[in-house]
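S.K.: whatever this is, show me its structure:
(chains A and B)
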Number of protein chains: 2
Amino acid sequence: MKGIAYSLATVVALTGVIVYMAHASEHAAAEAAPIFDVTIPPGYRDWKLISVAHEAGNNNDIRAILGNDAAVKAYREGKLPYPDGAIIARLAWTYLASEENNKVFGREQSFVAGPPTNVQFMVKDSKKYAATGGWGFAQFKDGKPAEATLLKTCFPCHVPVESRDFVFTHYAP
Amino acid sequence: MKGIAYSLATVVALTGVIVYMAHASEHAAAEAAPIFDVTIPPGYRDWKLISVAHEAGNNNDIRAILGNDAAVKAYREGKLPYPDGAIIARLAWTYLASEENNKVFGREQSFVAGPPTNVQFMVKDSKKYAATGGWGFAQFKDGKPAEATLLKTCFPCHVPVESRDFVFTHYAP
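M.R.: Residues are numbered from 1 along each chain as shown, chains lettered A, B, ... in the order given. Just a heads-up that it's a prediction; the model follows:
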């Protein structure tokens, strides 16, 4: 046992790999996404609901859009641009037919959230992200940030809704 | 003008109709649903998200299921039955194809929340609602409660998920 313990310690000392892995699983939020340096905001799963959506096609997901207090306040007051500190979270899950629900309804009609796919964030900081409309963009899958090449595609896609401060989702009353 | 004012006052005095209408629009939450005597819980739109779903068929809606703190705590801890005081809210909106989003995606794939359809609540009170698994059921459309005939259909439909304390929706992580 001592021999094994020594070997592990040596591996860790030489590579840092095990230390890093433990860190990643326990504190995934600490790993920042590239380009915009966004980390997973603590407690985002408790945020208030902005709206819901279904994306068919390649995504094939069902999603919820949540906002921190600054974002939801701006939404409800209809105030643009969103203030610095506002964060919008897009959670998505696999789009699943619910056999259980369909049995009760007596027809194929019910689609529910399956396993999570990924989480995206838009973080407002008008100075830090001045080059991208004041928004920083990030995506995480199982706590791991997406690569820079993907994040580079975020802002150009949001340009068509510049009049709504680059935010697609409307508030669902 | 005085004549008109007098006429309105007379109508109100005789029928109470205008007084009632003002009350309904400003304090919709005060009107209780039949059978279970459930009123709209204050602040439910701020509750935490449990999951999302799409019901096709006659409903043709997209929905979010929210819970008050007692309900969400029980969900996250996997504790059954839900404690007295737990409330689960089901918000639904018309299922709308988003032309705006589809243009950006370059294909017909995006469905979003349109105008709200109705809101449903399950309220846990194991004594008051002992005859229906400990749950009271209610539905409101524009603040107006649904009729007793509709609410009588709620509990029988939930019986197939008795093993999950009569709750269909699974928590979306």
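S.K.: what's across from the nearest residue to residue A:68 once chain neighbours are set aside in the sheet?
M.R.: Nearest residue to residue A:68, sequence neighbours excluded (Cβ to Cβ, 6 or more residues apart in numbering or on different chains): residue A:87, at 4.6 Å. For the C-beta atoms, the positions are set from N, CA and C on the backbone; glycine is no exception. In this entry, residue A:87 is beta-bridged to residue A:123, by DSSP bridges.
S.K.: next, count neighbours for residue A:87.
M.R.: Residues near residue A:87, counting by other Cβ atoms under 10 Å in any protein chain shown, number 23.
S.K.: which ones are touching it?
M.R.: The contact partners of residue A:87, by Cβ atoms under 8 Å, 6 or more residues apart in numbering or on different chains, come to A:41, A:44, A:67-68, A:70-71, A:121-124.
S.K.: how about a cut-off of 10 Å?
M.R.: By Cβ atoms under 10 Å, 6 or more residues apart in numbering or on different chains, the contact set of residue A:87 is A:38, A:41, A:44, A:47, A:66-71, A:121-125, A:135-136, A:138.
S.K.: measure it to residue A:147 for me?
M.R.: 21 Å (Cβ to Cβ, to the nearest Å).
S.K.: are any of the contacts of residue A:87 buried, and which?
M.R.: Listed as buried from the contacts of residue A:87 are A:38, A:41, A:44, A:47, A:66-68, A:71, A:121-125, A:135-136, A:138; burial here means 16 or more other Cβ atoms under 10 Å in any protein chain shown.
S.K.: return the subset of those residues lying in helices.
M.R.: residue A:71 (DSSP state H).
S.K.: farthest pair within the buried ones among the contacts of residue A:87?
M.R.: Within the buried ones among the contacts of residue A:87, A:66 and A:125 form the most distant pair, 18.8 Å apart (Cβ to Cβ).
S.K.: how about the strands in chain A?
M.R.: A:48-55, A:61-67, A:87-97, A:110-124, A:135-141, A:144-145 (DSSP state E).
S.K.: now, of the ones you listed, which is deepest in the fold?
M.R.: Among the strands of chain A, strand A:61-67 has the highest mean neighbour count (mean count of other Cβ atoms under 10 Å in any protein chain shown), at a mean of 25.
S.K.: can you redo the strands of chain A as TSV with mean pLDDT?
M.R.: Listed next are the strands of chain A as TSV, based on pLDDT from 0 to 100:
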stretch	mean pLDDT
strand A:48-55	98
strand A:61-67	98
strand A:87-97	98
strand A:110-124	98
strand A:135-141	98
strand A:144-145	96
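S.K.: closest to residue B:109 out of those?
M.R.: The nearest among these, by Cβ to Cβ, is strand A:48-55 at 5.7 Å.
S.K.: so who does the closest residue to residue A:148 other than its chain neighbours touch?
M.R.: For residue A:148, ignoring the flanking residues on the chain, the nearest one in space by Cβ to Cβ, 6+ apart is residue A:34 at 4.1 Å. Residues near residue A:34 by Cβ under 10 Å, 6+ apart: A:138, A:145-152.
S.K.: give the buried subset of those as a PyMOL selection command.
M.R.: For the buried members of the contacts of residue A:34, the matching PyMOL selection, counting by 16+ other Cβ under 10 Å, is:
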select buried, chain A and resi 138+145+146+151
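S.K.: hmm, residue B:63 and residue A:52 touching each other?
M.R.: Yes: using Cβ atoms under 10 Å, residue A:52 makes contact with residue B:63 at a distance of 7.0 Å.
S.K.: need the residues touching each of those two.
M.R.: Common contact partners of residue A:52 and residue B:63 (Cβ under 10 Å, 6+ apart): A:62, B:51-54, B:91-93, B:95, B:113.
S.K.: correct me, but residue A:152 touches residue A:35?
M.R.: Yes: counting by Cβ under 10 Å, residue A:152 does reach residue A:35; the two are 6.9 Å apart.
S.K.: give me the common contacts of the two.
M.R.: A:132, A:137.
S.K.: contacting residues around the closest residue to residue A:88 other than its chain neighbours?
M.R.: Residue nearest to residue A:88 in three dimensions, not counting chain neighbours: residue A:122, with 4.5 Å by Cβ to Cβ, 6+ apart. Contact analysis of residue A:122 by Cβ under 10 Å, 6+ apart lists A:36, A:38, A:65, A:67, A:71, A:82, A:86-90, A:129, A:132-138, A:154-155, A:158, A:165-169.
S.K.: if we use 8 Å, what do you get?
M.R.: By Cβ under 8 Å, 6+ apart, the contact set of residue A:122 is A:87-88, A:135-137, A:166-167.
S.K.: repeat for residue A:66
M.R.: Shown in contact with residue A:66 (Cβ under 8 Å, 6+ apart): A:44-45, A:47-50, A:88-89, A:91, B:49.
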